[in-house]
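>>> predicted structure and sequence below. I'll ask about it afterward.
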Amino acid sequence: MLFTKQIKTYDIFISYKSQDVELARKLADILIVSGKKPWFAEYEILLSKRNKFQEAIDYGAQHSTYGLAITNDPYAESPYCSREIDLLLKYCHPGNILEIQLPREDLPHKKFTQLSTKAKSLESREINEILNFIEKETAWELQRELYVTNLKDNLYYDQLYNYPYCLNVKGWQLSGYNPTQHPYVVGGPEFTFYNKLSNIKFNVFYGFYNQPEAVKRLKLRQTDDREIYDTIIKFANNYLKETHAEVKGVHLLFIENYSQFVVSYHRGNYWIRRYSIVIEHPILKNPVEIVFTFGITDSFKNYCHYASVLDNVVKSMIFLEQGELFYYAVEAYNNNDMKKAISKFKTFLGIYPDHTYSLYKMGLCYDKLKEFNQAIEMYDKSISTSSDSILTSEIFYNRGVAFEKQGLLDEAISSYEESIKYNSKFERAYSNRGALFCRKGHLRQGIQDLEIALALDPNDMIARKNLTIARGELGNK
């Protein structure tokens, strides 16, 4: 009997439960940016293909070289996810199934016993650690998530029907305000992204929204994946019927466990990402729709590179009943009034005790006041609540600085090591760790770190000076 090799249409099939869609989407976008072709439901199951939902999933699972499953007990309990993993176990070669355990739980391996033998597994929610794992198992070279770094938080606040809200528009510049003639729609701000290489803008509009779909969306939680998707698709068909746009993706974004609607489409010279955020007005109790529209004049690949930056702006929105405290705490910090900042952050944390950024900022405040033990305590608390690998890396770095200021070099080195683990391109962590290795007499390790630091930032004069000294000392031995 002759056998023919099955042609694989997709590089990797991403299987996930809706509660984990944001991690799945980040991975899909990075794979696209890296030149790979993932099968990802939000880009494959579009408005016009809803009636072929299962058929498209089955085809994707059968025609993918690799399978990536984001597993946990809810995943294993889902009949849809169960069908997907069964197909992947059947059609993927042994070792070509990658399992991201979020977290590691018993049910997936009890229900799908072949996972233990056919899958390579990693328990992690850190995006860089997951990308390193995928690279190791596939021999692919992958890009990393785009972050807005080395910029101060930029808190923009406005009013939503006389109720104040706050956005963190770090990396964005206010470029105007949009008027509107519509009696039920209020114009909002327009921003331009700081990166001059790509023309990216977004604006905000909002209005009362009393359609039945909006009320249903307020009640819809992370329950049945298909129920959520059906609701979003019905809303999207009505929402986009007059745009005449090329729809590329229909997305879910969860904000405080409520499902929100996002669509990616192409029109004219723009790739557009439109968010429909439906919330209940805190005072009037009516559904209010807030529409964020991002436009990018660039390729779809680069559009995917910026997707998480756009998501972060929308997810940063908080009402100033609490956000006002946070806003003035950051303002006090930026004005170097650390005691006032600590007082404001404490009040805010009385409402949101696990707010990572507030805990971290309090640590920085104590650091500036030279109260290092309290700074380290705040850093530890913020690390325990953080789900952002780049922010976690930054916190570990400052934790290391606090130890170093107290002369605790081993503890500082350990913190810098953790910082590098979460962000392998964090130049300052290499520079500081290299300098400490040299101080402890480990010149070769120190030189290696300092060389990496200079490769990442050739303008780091401190690293360059330390490297010159270390090479001289090594040559004299």
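Thanks, I have it.
>>> how much space between the residue nearest to residue 425 when sequence neighbours are not counted and residue 430?
Ranked by C-beta to C-beta, 6 or more residues apart in numbering and with sequence neighbours excluded, the top spatial neighbour of residue 425 is residue 456, at 5.9 Å. Using the backbone N, CA and C atoms, a C-beta is placed for each residue, glycine as well. As defined by C-beta to C-beta, to the nearest Å, residue 456 lies at a distance of 7 Å from residue 430.
>>> next one: residue 8
39 Å.
>>> then residue 409?
Distance from residue 409 to residue 430, by C-beta to C-beta: 16 Å.
>>> quick one: which of these two has more around it?
The residue with more neighbours, out of residue 409 and residue 430, is residue 430; 26 against 16, by other C-beta atoms under 10 Å.
>>> give me the element the more buried one is part of.
Taking DSSP states H and E as the criterion, residue 430 maps to helix 427-439.
>>> hey, C-alpha coordinates of that helix in PDB?
What follows is helix 427-439, C-alpha atoms only, in PDB (Å, rounded to 0.1, in the frame of the first residue of the first chain):
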ATOM      1  CA  GLU A 427      20.100  45.800  29.500                       C
ATOM      2  CA  ARG A 428      20.300  47.500  33.000                       C
ATOM      3  CA  ALA A 429      19.800  44.100  34.700                       C
ATOM      4  CA  TYR A 430      22.800  42.700  32.900                       C
ATOM      5  CA  SER A 431      24.900  45.800  33.500                       C
ATOM      6  CA  ASN A 432      24.200  45.800  37.300                       C
ATOM      7  CA  ARG A 433      24.600  42.100  37.700                       C
ATOM      8  CA  GLY A 434      27.900  42.200  35.700                       C
ATOM      9  CA  ALA A 435      29.200  45.000  38.000                       C
ATOM     10  CA  LEU A 436      28.300  43.000  41.100                       C
ATOM     11  CA  PHE A 437      30.000  39.900  39.700                       C
ATOM     12  CA  CYS A 438      33.200  41.900  39.200                       C
ATOM     13  CA  ARG A 439      33.000  43.400  42.800                       C
END
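>>> check contacts around residue 41.
14, 57 (C-beta atoms under 8 Å, 6 or more residues apart in numbering).
>>> and it, what's its pLDDT?
On the pLDDT scale, residue 41 is placed at 89.
>>> so how far is residue 409 from it?
Distance from residue 41 to residue 409, by C-beta to C-beta: 49 Å.
>>> any weak-confidence spans in the stretch 301-450 of the chain?
Flagging of the stretch 301-450 of the chain using pLDDT under 70 yields the residue ranges 320-323, 387-388.
>>> can you map out the strands along it?
Using DSSP state E, counting those that start in this stretch, the strands of the stretch 301-450 of the chain run over 318-319.
>>> quick one: the helices in it?
Per DSSP state H, counting those that start in this stretch, the stretch 301-450 of the chain carries helices over the ranges 320-334, 338-351, 356-368, 372-385, 389-405, 409-422, 427-439, 443-456.
>>> gap between the most centrally placed residue in the chain and residue 389?
Against the mean C-alpha coordinate of the chain, by C-alpha atoms, centre = their mean, the closest residue is residue 308 at 5.5 Å. As for residue 308, its distance to residue 389 is 12 Å (criterion: C-beta to C-beta).
>>> kindly report the same for residue 124.
Residue 124 is 9 Å from residue 389, by C-beta to C-beta.
>>> out of the helices of the stretch 301-450 of the chain, which is closest to residue 14?
helix 389-405 (19.0 Å; C-beta to C-beta).
>>> which strands or helices does the closest one pack on?
helix 127-138, helix 356-368, helix 372-385, helix 409-422, helix 427-439 (3 or more C-beta pairs under 8 Å, 6 or more residues apart in numbering; DSSP states H and E).
>>> nearest to residue 205, out of those helices?
Using C-beta to C-beta, these put helix 356-368 closest to residue 205, at 27.1 Å.
>>> angle of the closest one against helix 338-351?
With axes from the mean of the first three to the mean of the last three C-alpha atoms, to 10 degrees defining the directions, helix 356-368 sits at 150 degrees from helix 338-351.
>>> residue ranges of the helices in the stretch 1-150 of the chain, please?
Assigned by DSSP H, counting those that start in this stretch, the helices in the stretch 1-150 of the chain fall at 21-33, 41-44, 53-62, 73-77, 79-91, 107-111, 115-118, 127-138.
>>> buried stuff in the helix holding residue 430?
By 16 or more other C-beta atoms under 10 Å, the buried positions in helix 427-439 come out as 427-438.
>>> just stretch 390-403 next, same as before
390-403.
>>> so which of the residues you listed comes closest to residue 359?
Distance to residue 359, by C-beta to C-beta, is smallest for residue 395 among the buried residues of stretch 390-403, at 8.8 Å.
>>> could you measure from that closest one over to residue 455?
Distance, residue 395 to residue 455, by C-beta to C-beta: 24 Å.
>>> again with residue 86
Here residue 86 is placed at a distance of 46 Å from residue 455 (C-beta to C-beta).
>>> repeat that for residue 170.
For residue 170, the distance to residue 455 - C-beta to C-beta - is 27 Å.
>>> repeat for residue 413
Separation of residue 413 from residue 455 (C-beta to C-beta): 20 Å.
>>> ok, now residue 467?
For residue 467, the distance to residue 455 - C-beta to C-beta - is 11 Å.
>>> those two: which has the busier surroundings?
Using other C-beta under 10 Å as the criterion, residue 467 and residue 455 rank with residue 467 on top: 22 against 12.
>>> what helix or strand is the more buried one on?
helix 461-475.
>>> tell me the mean pLDDT over that helix?
On average, helix 461-475 scores 90.
>>> who touches it?
Here helix 461-475 has contacts from 427, 430-431, 434-435, 438, 443-444, 446-447, 450-451, 453-454, 457, using C-beta under 8 Å, 6+ apart.
>>> try 6 Å this time
With C-beta atoms under 6 Å, 6 or more residues apart in numbering as the test, helix 461-475 has contacts from 431, 435, 438, 443, 446-447, 450, 453-454.
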